[in-house]
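dropping a prediction and its sequence here:
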Amino acid sequence: MSDSLVIIPTYNEIENIELIIKKVISLSKDFDILVVDDGSPDGTADVVKSLQKSFTDSLYIIERKGKQGLGTAYIAGFKWALQKGYGYIFEMDADFSHNPDDLINLYEACKEQKADMSVGSRYISGVNVVNWPMGRVLLSYLASVYVRLITGMKIYDTTAGFVCYQKHVLERLNLDNIRMIGYGFQIEMKFKTWLFKYNIIEVPIIFTDRKRGASKMSSSIVGEAIFGVINMKMRSVFNKKKYLN
């Protein structure tokens, strides 16, 4: 068993899932993988279960019925990871927008530089996004600026989904009290980690848009993030103790 677990939520990622699993397992450092699949009708879970025959001690899967949201998938994965005793727990997309090679840099930021949370950041050293249309780059960048202004967080990529947590951070956060389930989930997890005054280090990455499969972005996800941030900040201001419990 590795000390590190990479959680990969999936919905219709049959074109990517085998490639991403084999790439992560081929890295110079050992990482275990947990796929959380939300009932993909394309057979993503079947591919994972087939690969488990080859990677019996490093590949695991949670199968859920239907799309339940990115946040709930990660929370299910976090709880599983804590039960198993992993020290370093990662979030990563299945579509290669996050380069698996950067897992090692995120790990070293926590292990060697003593970060409690390390964030694969698109914006800590300029704007490092490849193959996105300019409109989407601006939307993403301005969303992070907006979140920083509302929350006061000193994080440049507040919506990043490529993250490493040390075990004690997830143990302290009340995972059952995380409200946002779309991409706003990423903001809420960073905000609560920041409120606890944990050490957060941003690690520069190059984010590359998916080449295979369809994006899961929608207007409802964007709306949740915009309005959820204001609600989140208000709850933390008027009753911080309750918000963090």
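Thanks, I have it. Residues are numbered from 1 along each chain as shown.

list the contacts of the lengthiest helix in the chain.
Ranked by number of residues, the top helix in the chain under DSSP state H is helix 219-238. The contact list for helix 219-238 (CB atoms under 8 Å, 6 or more residues apart in numbering) reads 139, 143, 146-147, 150-151, 159, 179-184, 187-188, 191, 195, 242-244. All C-beta spots, glycine's among them, are computed from the backbone N, C-alpha and C.

in stretch 174-187, what's buried?
By 16 or more other CB atoms under 10 Å, the buried positions in stretch 174-187 come out as Leu175, Ile178, Met180, Ile181, Gly182, Tyr183, Gly184, Phe185, Gln186, Ile187.

widest-spaced pair of those?
Greatest spacing in the buried residues of stretch 174-187, by CB to CB: Leu175 and Tyr183 (17.4 Å).

show the subsequent helix or strand relative to the longest helix of the chain.
Moving toward the C-terminus from helix 219-238, the next helix or strand (DSSP states H and E) is helix 240-244.

now do that following helix: which elements does it pack against?
If you count contacts as 3 or more CB pairs under 8 Å, 6 or more residues apart in numbering; DSSP states H and E, helix 240-244 packs onto helix 184-195, helix 219-238.

how about the CA coordinates for the longest one, as CSV?
The C-alpha atoms that make up helix 219-238 are tabulated as CSV, following Å, rounded to 0.1, in the frame of the first residue of the first chain:
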residue,chain,number,x,y,z
SER,A,219,-24.3,27.1,-16.5
SER,A,220,-25.7,25.6,-13.2
ILE,A,221,-22.2,24.7,-12.1
VAL,A,222,-21.0,28.3,-12.8
GLY,A,223,-24.1,29.7,-11.0
GLU,A,224,-23.5,27.6,-7.9
ALA,A,225,-19.9,28.8,-7.7
ILE,A,226,-20.9,32.5,-8.1
PHE,A,227,-23.7,32.7,-5.6
GLY,A,228,-22.4,29.9,-3.3
VAL,A,229,-19.2,32.0,-2.6
ILE,A,230,-21.2,34.9,-1.3
ASN,A,231,-23.3,32.6,0.9
MET,A,232,-20.2,30.8,2.1
LYS,A,233,-18.5,34.0,3.1
MET,A,234,-21.6,35.3,4.9
ARG,A,235,-21.9,32.1,6.9
SER,A,236,-18.3,32.3,7.9
VAL,A,237,-18.6,36.0,9.0
PHE,A,238,-21.7,35.7,11.1
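
tally of neighbours for the residue nearest to Met153 when sequence neighbours are not counted?
Nearest residue to Met153, sequence neighbours excluded (CB to CB, 6 or more residues apart in numbering): Trp194, at 5.0 Å. For Trp194, the count of nearby residues is 17 (other CB atoms under 10 Å).

report the contact partners of Trp194.
Counting by CB under 8 Å, 6+ apart, Trp194 touches Thr151, Met153, Lys154, Ile155, Ile200.

of these, buried ones?
By 16+ other CB under 10 Å, the contacts of Trp194 give Thr151, Met153, Ile155, Ile200 as buried.

correct me if wrong: the first one contacts Lys192.
Read that as Thr151. No. At 10.5 Å, Thr151 does not count as touching Lys192 under the criterion of CB atoms under 8 Å.

okay, now the unreliable bits of this structure?
212-223, 225 (pLDDT under 70).

where exactly do the helices run in it?
Counting by DSSP H, one finds helices in the chain at the ranges 17-25, 44-51, 70-84, 102-111, 134-151, 167-172, 184-195, 219-238, 240-244.
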